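Participant: generate a structure from the sequence data that follows.
(one chain, ligands or ions: 1)
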Amino acid sequence: MSGICDGRVVVVTGAGRGLGRAHALAFAAEGARVVVNDLGVGLDGVPGPDSPARQVADEIRAAGGTALAHGGDIATPQGAASLVTTALETYGRLDTLVNNAGFLRDRMLVNLDEDDWDAVLRVHLKGHFLTLKHAASHWRAEAKAGRTPTARVVNTASGAGLLGSLGQGNYSAAKAGIVGLTLVAAAELARYGVQVNAIAPAARTRMTEHTFAATMAAPETGFDAMAPGNVSPLVVWLGSTASEGVTGRVFETEGGRITVMEGWRPGPTADTGRRRSPAEAGETARKLLAEAEPPGRVYGA
Ligand SMILES: NC(=O)c1ccc[n+]([C@@H]2O[C@H](COP(=O)([O-])OP(=O)(O)OC[C@H]3O[C@@H](n4cnc5c(N)ncnc54)[C@H](O)[C@@H]3O)[C@@H](O)[C@H]2O)c1
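Facilitator: The predicted structure follows:
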């Protein structure tokens with residue numbers, strides 16, 4: 001197995017199933033040595049009896065690649081730290097971190113328990129922060145020792161975080177947070193040779209195959225657009241040295257489509273140079289809104 005990731009060591013979180021598994025296989029096929037992380041949780045995040053990470057690592061090795069399973073919880077300091085340490089102790093280096101692990105607890109806001117809020121924010125947002133922090137500490141040390149890396153981080157956001165999604169207040173907030181984290185990390189870590197981007201994917205996995213059954217179904221013939229492996233080529237490219245110069249960007253990707261998402265930027269504006277009354281502020285806001293682009297529709301609304 002060789003290709004654009006020859007010699008690189010790649011960590012993929014939540015790689016026992018779905019998109020993470022597809023990314024791990026695709027990195028290995030391009031020559032990377034892969035640390036396949038997965039805690040092995042149910043759809044709602046409750047840990048199951050076994051981690052599927054080992055099966056994916058076995059699958060990579062059976063195909064002639066190099067991989068190792070890691071069964072830790074990436075949303076704990078110990079799990080995140082041991083994931084980075086495992087890559088360094090086993091393969092002697094870390095080049096790419098793909099943050100992907102997560103689960104859902106969908107409820108309308110009035111029914112959303114604090115536990116559902118905390119669990120989803122924890123796995124997605126904290127789960128991205130902790131691995132990123134440990135990997136970035138290593139890369140900063142490398143840069144300070146005169147060995148500036150060509151490091152890459154690919155985070156996993158979602159259309160829910162970009163536009164909002166009914167019944168997913170916790171998930172949308174977590175994924176929007178991941179976009180903010182990506183922008184800051186890209187700006188802070190550039191000096192250490194680290195590029196940080198995010199994807200907002202769509203694919204048929206256990207997370208989507210029932211809720212969006214019609215959209216996700218595989219066709220009997222022709223291109224299976226919603227197969228998770230269609231998302232992985234962009235992730236592999238972003239995780240390789242070939243993506244030099246691309247950082248702080250968010251891409252939507254599904255099937256054969258890749259879209260650069262253009263984020264918040266100033267629209268119509270007005271400045272009086274003095275404090276307005278509330279009535280004046282409202283008048284100005286309505287005038288500006290009439291000139292502005294309408295917002296994208298919240299998913300499911
Ligand atoms: N499938 C889609 O269409 C879609 C759309 C937008 C975003 N996403 C995002 O893509 C990512 C992957 O989702 P998927 O659809 O492949 O789901 P999935 O359920 O198939 O895979 C997620 C994996 O993460 C693992 N995991 C969960 N918590 C973990 C933890 N604390 N530590 C380690 N592993 C953990 C699970 O065991 C599971 O194997 C998620 O971040 C999801 O929010 C998916």
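
Participant: average pLDDT for the helix or strand containing residue 173?
Facilitator: Element membership of residue 173 [criterion: DSSP states H and E] is helix 169-189. Average pLDDT, helix 169-189: 98.

Participant: ok, now stretch 241-254?
Facilitator: 98.

Participant: got the end-to-end distance for that stretch?
Facilitator: Chord length of stretch 241-254, first to last residue, is 23 Å (C-alpha to C-alpha, to the nearest Å).

Participant: for the ligand, tell me whether that stretch is touching it.
Facilitator: No: judged by C-beta under 6 Å from any ligand atom, stretch 241-254 makes no contact with the ligand; its nearest approach is 7.4 Å. (Each C-beta comes from the backbone N, C-alpha and C, glycine too.)

Participant: ok, residues contacting that stretch?
Facilitator: Residues from elsewhere that reach stretch 241-254 (C-beta atoms under 8 Å, 6 or more residues apart in numbering): 4, 8, 150, 152, 157, 159, 162, 179, 182-183, 186-187, 190, 195-203, 225-226, 230-231, 234, 237-238, 258-261, 263.

Participant: near the ligand too, which of the residues you listed?
Facilitator: Near the ligand, by the rule C-beta under 6 Å from any ligand atom, you find 201, 202, 203 out of these.

Participant: what does this structure have sitting close to the ligand?
Facilitator: 13-14, 16-20, 37-41, 45, 52, 73-75, 100-103, 123, 127, 156, 158, 201-203, 205-208.

Participant: grab the nearest non-local neighbour of residue 103.
Facilitator: Using C-beta to C-beta, 6 or more residues apart in numbering and skipping residues adjacent in sequence, the residue nearest residue 103 is residue 45, 4.1 Å away.

Participant: before we move on, what SS does that neighbour have?
Facilitator: coil (DSSP: H, G, I helix; E, B strand; the rest coil).

Participant: now residue 87: which helix or strand?
Facilitator: Counting by DSSP H and E, residue 87 is found in helix 77-91.

Participant: for that helix, buried residues please.
Facilitator: Residues of helix 77-91 classed as buried by neighbour count (16 or more other C-beta atoms under 10 Å): 79, 80, 81, 82, 83, 84, 86, 87, 91.
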